[in-house]
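Participant: Any chance you could fold what I've pasted below:
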Amino acid sequence: MKSALPDHYATLGLDRRCTLAQIRAAYRVLAKQFHPDLNPHSPAAVARTQELNAAYETLSDPDLRAAYDRELDVPKQSSAPARAAKIQRNVSQDVNLSLEDFLRGTKREVRIHDPANPNGAEVYELIVPPETAPGTRFKIPRDESFGGFVQLRVKAQPNFRFKTRGSDLRCDLKIKAERAAQGGTEMVRGLTGSMVRVPIPRGVGRNEIVRIANEGLPKARGGRGDLLVRITYRVEVRISRSGK
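Facilitator: All right, here's what the predicted structure looks like:
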């Protein structure tokens, strides 16, 4: 009798020796091909997309993939359908946090809308510790009646003062042309609200970047990213009229 486990490798058109890069590439191509926006009113495209998402969520996570491979290698037992259902019912969602939340930590109530759950929205508490890096993933077990887990990835929401790139922050600093020519020191308000000293090199050009170390967001392996300050200024033009 065949195993009740879904064949995630076959769903992505890969074999069990495939690499993570191959998994990502196959998922990108197939997800685009079967995206519901390109296949309106197609239940088959929706079902295929769900299969692709389930396959990618399992195979792109090293721990989940290892557990899934072990399931494939174990002869079917009476509990196999329940274990397979648990793997199929993992869901993922992004959670946007303010930049300050990554430094100080926060608690969020997250609502999950899984079409496969007939009971409607699920609500979970996400606890984000201080010094959490953007892109960090949290795994929260789902209700036992449904099985699996929720994977939540924290992302930085747009900020009017800073732009983010990974753990680095970017901002603009407008200075006078005289300061640009002479060099010196200016101040900007950092992420924590305190003032940060920005050294201005003599003769700095417009749009040049001054990097301030350790004034960005937390990094995954400890420490903080940098603050990248783009220098802008307006060259003053004076027009004088010479007499006859």
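Participant: What is the burial count for residue 230?
Facilitator: Neighbour count for residue 230, taken as other Cβ atoms under 10 Å: 15. For the C-beta atoms, the positions are set from N, CA and C on the backbone; glycine is no exception.
Participant: so it sits right up against residue 170, yeah?
Facilitator: Yes: in this structure residue 230 lies within contact range of residue 170 using Cβ atoms under 8 Å: 6.7 Å.
Participant: other SSEs contacting the biggest helix by length in the chain?
Facilitator: Secondary structure assigned by DSSP state H gives helix 43-59 as the longest helix of the chain. Secondary-structure packing of helix 43-59 (3 or more Cβ pairs under 8 Å, 6 or more residues apart in numbering; DSSP states H and E): helix 8-11, helix 20-33, helix 62-73, helix 80-88, strand 91-97.
Participant: Next, the buried residues of that helix.
Facilitator: Applying a neighbour-count criterion of 16 or more other Cβ atoms under 10 Å, one finds 45, 48, 49, 51, 52, 53, 54, 55, 56, 57, 58, 59 buried in helix 43-59.
Participant: And the nearest residue to the first one once chain neighbours are set aside, its phi and psi?
Facilitator: Translated: residue 45. Nearest residue to residue 45 in three dimensions, chain neighbours excluded: residue 39, at 3.4 Å (Cβ to Cβ, 6 or more residues apart in numbering). Main-chain dihedrals, residue 39, degrees, to the nearest 10: phi -130, psi 60.
Participant: what does residue 192 give?
Facilitator: The phi/psi pair for residue 192 (degrees, to the nearest 10) is phi -80, psi 0.
Participant: Contacts only, for the residue lying closest to residue 30 once chain neighbours are set aside.
Facilitator: With sequence-adjacent residues excluded and distances taken as Cβ to Cβ, 6+ apart, residue 30 is closest to residue 52, at 5.4 Å. Residues in contact with residue 52, defined by Cβ atoms under 8 Å, 6 or more residues apart in numbering, are 11, 12, 27, 30, 31, 34.
Participant: Same question for residue 133.
Facilitator: Neighbouring residues of residue 133 by Cβ under 8 Å, 6+ apart: 102, 167, 217, 218, 219, 220.
Participant: pretty sure the third one is in contact with residue 225, am I right?
Facilitator: Translated: residue 217. Yes: using Cβ under 8 Å, residue 217 is in contact with residue 225, at 5.4 Å.
Participant: Pull up the overlap in contacts between the two.
Facilitator: By Cβ under 8 Å, 6+ apart, residue 217 and residue 225 have these common neighbours: 167, 168, 169.
Participant: Inside helices: which ones of those?
Facilitator: Among these, no member falls in helices (DSSP H).
Participant: Save those as JSON lines, and put in pLDDT too.
Facilitator: Formatted as JSON lines, the shared contacts of residue 217 and residue 225 follow (pLDDT from 0 to 100):
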{"residue": "167", "pLDDT": "94"}
{"residue": "168", "pLDDT": "96"}
{"residue": "169", "pLDDT": "96"}
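Participant: coming back round to it: alpha carbons only: can I get the longest helix of the chain in CSV?
Facilitator: Extracted C-alpha coordinates of helix 43-59, given in CSV (Å, rounded to 0.1, in the frame of the first residue of the first chain):
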residue,chain,number,x,y,z
PRO,A,43,-9.7,25.8,-8.8
ALA,A,44,-7.0,23.6,-10.2
ALA,A,45,-4.5,26.5,-10.1
VAL,A,46,-5.4,27.3,-6.5
ALA,A,47,-5.0,23.6,-5.5
ARG,A,48,-1.7,23.4,-7.3
THR,A,49,-0.5,26.6,-5.6
GLN,A,50,-1.4,25.1,-2.2
GLU,A,51,0.6,22.0,-3.1
LEU,A,52,3.6,24.0,-4.2
ASN,A,53,3.5,26.1,-1.0
ALA,A,54,3.3,23.0,1.2
ALA,A,55,6.2,21.4,-0.7
TYR,A,56,8.4,24.5,-0.4
GLU,A,57,7.7,25.2,3.3
THR,A,58,8.7,21.6,4.1
LEU,A,59,11.7,21.2,1.8
